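Engineer: everything below, folded, please.
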Amino acid sequence: MANKVKSTISNYKIIIIIFVLFALAASFQALLSGTRTYQKDGIEYNKYNNYTIFEKSFEHLKEGKDLYMLFPEEHWDLFKYSPTFAVFFGIFAVTPDWLGLNLWNLLNALLLVGSVYYLPKLNNYQKGLILILLSIELMTSLQNAQSNGLIAGLLVLAFALLEREKYSFATLLIVFSVFVKLFGIVGFVLFLFYPKKWKLVLYSILWSVLLFAIPLIFIDYSQYKLLISSFGNLLFSDHTVSHGLSVMGLLSSWFGVELNKMYIVLAGMIVFLIPFVKIKEYKNYTFRLLALSSLLIWVVIFNHKAESPTYVIAITGAAIWFVISEKNKLNIALFALAFLLTSLSPTDIFPRFIRNEYIKPFTLKALPCIFIWFKIIYDMIVFKDPEIPKEVIDVKKNSAIMSLKSNYLFFFR
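Structural biologist: Numbering: from 1, shown residues only. This next block holds a predicted model:
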């Protein structure tokens, strides 16, 4: 039975089919589920409201409207992405909703699947296991038509491309992730591990200029300036009113601590960077994978706007860490807790009163990922190149001796 399960997980075709079905199921569920309201006696909106926000942003951009104001006649909530992302979403906006939503969810799912399979030095079982472990969180994001699968996929694929020294495409993905969600900027930390940093910087500048200029195809410069100003005002005001499922939210809900969010982010960044002083370990692939895992979790647990669907990014990092880590009792317990509280807590496995009375008020979805992040930091701090086991040394020594004896007999027989 165990061999059959391992064989199934190792079969990339089965994993891809599963994720395609997840994406299609999430789309059709949203399309066929009717409408919902976000406040009492409020306007009814469709169940794929986030997709509608993204889709309408392209229309609003072409019409010269302020992207960052409310459009209650069309959708609930604000557009909180860059003008460049609005242009990107024009690819989906030109299609009918039933097709565009499916394509959008398939992009989020398959980019993440492809990025994990592109990771070097891991076998298909390890890659399949990573994807199985993050699948529930991805489904949560897909059901909300969110962009979090896209972000996770961009960062993981960028790492895999950097490992293969494909710097131009890797930098494009990191820069694009920033234009989708600003916290993608943390991905630039990965540059520390690779040679020719000047090339990485130049490529990043080039892509940043090009992506920043793309909206000028549809609007004039003066309108673009107004949009950038409005976007900045939105981000500033948004930063002051929310804690999210984050370290900030946990400190507030558990201890009533209301510190300036920037101080918490700064403290988190300092802790995040501490293991990077171990420059000698940069050459070790496992160390670099741990850094990727830490990054993926950090951008969520220190994000004051983190929601339940955002956690597919963090769980991707946690799953990578778990698959490559030692399977001791502590690591198994930490990931089991993450699977229970982070992945399963939003599902119907947890009764609604438990979710409403305990999980949400006490930010419990974030707690296991915070624990795992600190464990990754510890693992990186104490990390050492794996020593060659004594048995291997003895085998190599004996092989060398036997080789010398053979040569001796050949020349002197």
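
Engineer: going forward, measure contacts between C-alpha atoms and count neighbours the same way
Structural biologist: Noted.

Engineer: ok, how many other residues are close to the nearest residue to residue 246 once chain neighbours are set aside?
Structural biologist: Using C-alpha to C-alpha, 6 or more residues apart in numbering and skipping residues adjacent in sequence, the residue nearest residue 246 is residue 301, 4.4 Å away. Other residues near residue 301 number 28, with proximity taken as other C-alpha atoms under 10 Å.

Engineer: can I assume residue 380 is in contact with residue 286?
Structural biologist: No - with contacts defined as C-alpha atoms under 8 Å, residue 380 does not count as touching residue 286, sitting 9.5 Å away.

Engineer: can you list the weak-confidence ranges in this protein?
Structural biologist: Under the criterion pLDDT under 70, the flagged ranges of the chain are 239-241, 385-413.

Engineer: residues contacting residue 249?
Structural biologist: Counting by C-alpha atoms under 8 Å, 6 or more residues apart in numbering, residue 249 touches 243, 304, 363.

Engineer: ok, now which ones touch the last one?
Structural biologist: Taking C-alpha under 8 Å, 6+ apart, we find residue 363 in contact with 245, 246, 249, 250, 253.

Engineer: for PyMOL, write a command that selects the buried ones of those.
Structural biologist: In PyMOL, this line selects whichever of the contacts of residue 363 come out buried by 16 or more other C-alpha atoms under 10 Å:
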select buried, resi 245+246+249+250+253
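
Engineer: a markdown table for the contacts of residue 363, including distance to residue 196 and secondary structure?
Structural biologist: A markdown table is the format used below for the contacts of residue 363 (distance: C-alpha to C-alpha, whole Å; DSSP: H, G, I helix; E, B strand; the rest coil):
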| residue | distance to residue 196 | secondary structure |
| --- | --- | --- |
| 245 | 37 | coil |
| 246 | 35 | coil |
| 249 | 40 | helix |
| 250 | 40 | helix |
| 253 | 45 | helix |
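
Engineer: any chance of the contacts of residue 363 in CSV, plus distance to residue 38?
Structural biologist: Formatted as CSV, the contacts of residue 363 follow (distance: C-alpha to C-alpha, whole Å):
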residue, distance to residue 38
245, 20
246, 23
249, 22
250, 25
253, 23
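
Engineer: I'd like to know which of the contacts of residue 363 is nearest to residue 158.
Structural biologist: Nearest to residue 158, judged by C-alpha to C-alpha, of those is residue 246 at 24.8 Å.

Engineer: was I right to think that closest one contacts residue 297?
Structural biologist: No - judged on C-alpha under 8 Å, residue 246 makes no contact with residue 297 at a distance of 10.5 Å.

Engineer: residues shared between the contacts of those two?
Structural biologist: Joint contacts of residue 246 and residue 297 (C-alpha under 8 Å, 6+ apart) do not exist.

Engineer: gap between the closest residue to residue 56 other than its chain neighbours and residue 104?
Structural biologist: Spatial nearest neighbour of residue 56, chain neighbours left out: residue 93 (7.4 Å); criterion: C-alpha to C-alpha, 6+ apart. For residue 93, the distance to residue 104 equals 10 Å [C-alpha to C-alpha, to the nearest Å].

Engineer: helices of the stretch 101-250 of the chain, residue ranges please.
Structural biologist: For the stretch 101-250 of the chain, the helices defined by DSSP state H, counting those that start in this stretch occupy 124-143, 148-163, 167-180, 197-213, 221-240, 247-255.

Engineer: err, the stretch 301-413 of the chain, not the other one
Structural biologist: Under DSSP H, counting those that start in this stretch, the stretch 301-413 of the chain gives helices at 311-324, 329-337, 352-354, 367-381, 390-412.

Engineer: good, wrapping up.
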